[in-house]
Each structure stands twice: as C-alpha cells, then as structure tokens.
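K.L.:
got a sequence here, can you build the structure:
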Amino acid sequence: MGRKPEGKAEKNFKKLGKKLDEMIKDLEKLKEKAKENYSDQYEELRRNKETMKKEFKSFKENNKETWDKVESNLEKAGKELKEAFKTIFN
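P.N.:
Here you go, the predicted model:
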C-alpha cells in the first residue's frame, strides 16, 4: 500500500504555509534592520533628554526667584482650573 496522492487543497495549504514561513522570516529581518537603523537615533534622543534635564535644573537654580514665581502662578492656575471644572460639572 502506498501513500495517497496529495489533494489540491493539501498542496495549496503547503504552499500557503511556505509563503507564511517566508513572510515571517522577512519580517524578522525587517525588525532587526529597524533596530539597527533606529538605535542610533534612540541613543541621541536619550542623550538629549539628559542634557535638557541638566540645563533645566541649571536654569531653575540660576533663576530661582523667577522660577518660584512661575511655579506659584502655575499652582494658582491649576487650582482655578480645577474650580472651573467643578463649577461646570456640578
């Protein structure tokens, strides 16, 4: 007794399976390429973030009086906005 010949549907499923496997491999390659392409940009953004943090801290320290006023006014504005929303929704 021999093996039954493959039906048309089985052949199509095998072809589909092979195509899907190829597509998955291609997607993995694209994923790796994207990692390579964007890793430099990510590192640059991370460095810029750290630089900005330092500059902002320095700005706050060098302009303490002004920053305290800004902070106080922002706090007041936040409270007023909160009260405005309470008024609207009550």
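
K.L.:
all contacts plus neighbour counts: C-alpha atoms, from now on.
P.N.:
Noted.

K.L.:
report how many residues lie close to Leu27.
P.N.:
For Leu27, the neighbour count with other C-alpha atoms under 10 Å is 12.

K.L.:
Lys33 versus that one, what's the distance?
P.N.:
10 Å (C-alpha to C-alpha, to the nearest Å).

K.L.:
now swap in Glu50 and tell me
P.N.:
27 Å.

K.L.:
next SSE after the longest helix along the chain?
P.N.:
For the chain, the helix with the greatest residue count under DSSP state H is helix 8-62. The first helix or strand that comes after helix 8-62 along the chain, using DSSP states H and E, is helix 64-89.

K.L.:
low-confidence regions, this protein specifically.
P.N.:
The model of the chain has pLDDT under 70 over residues 1-6.

K.L.:
using PDB, list the CA coordinates for stretch 56-72.
P.N.:
The C-alpha trace of stretch 56-72 is given here as PDB (Å, rounded to 0.1, in the frame of the first residue of the first chain):
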ATOM      1  CA  PHE A  56      16.600  72.800  33.100                       C
ATOM      2  CA  LYS A  57      18.000  72.100  36.600                       C
ATOM      3  CA  SER A  58      20.700  74.800  36.000                       C
ATOM      4  CA  PHE A  59      18.100  77.200  34.700                       C
ATOM      5  CA  LYS A  60      15.900  76.700  37.800                       C
ATOM      6  CA  GLU A  61      19.000  77.200  40.100                       C
ATOM      7  CA  ASN A  62      20.200  80.300  38.300                       C
ATOM      8  CA  ASN A  63      16.700  81.800  38.100                       C
ATOM      9  CA  LYS A  64      15.300  80.700  41.500                       C
ATOM     10  CA  GLU A  65      13.300  83.800  42.200                       C
ATOM     11  CA  THR A  66      11.700  83.800  38.800                       C
ATOM     12  CA  TRP A  67      11.100  80.100  38.800                       C
ATOM     13  CA  ASP A  68       9.400  80.300  42.300                       C
ATOM     14  CA  LYS A  69       7.000  82.900  40.900                       C
ATOM     15  CA  VAL A  70       6.300  80.700  37.800                       C
ATOM     16  CA  GLU A  71       5.700  77.700  40.000                       C
ATOM     17  CA  SER A  72       3.400  79.600  42.300                       C
END
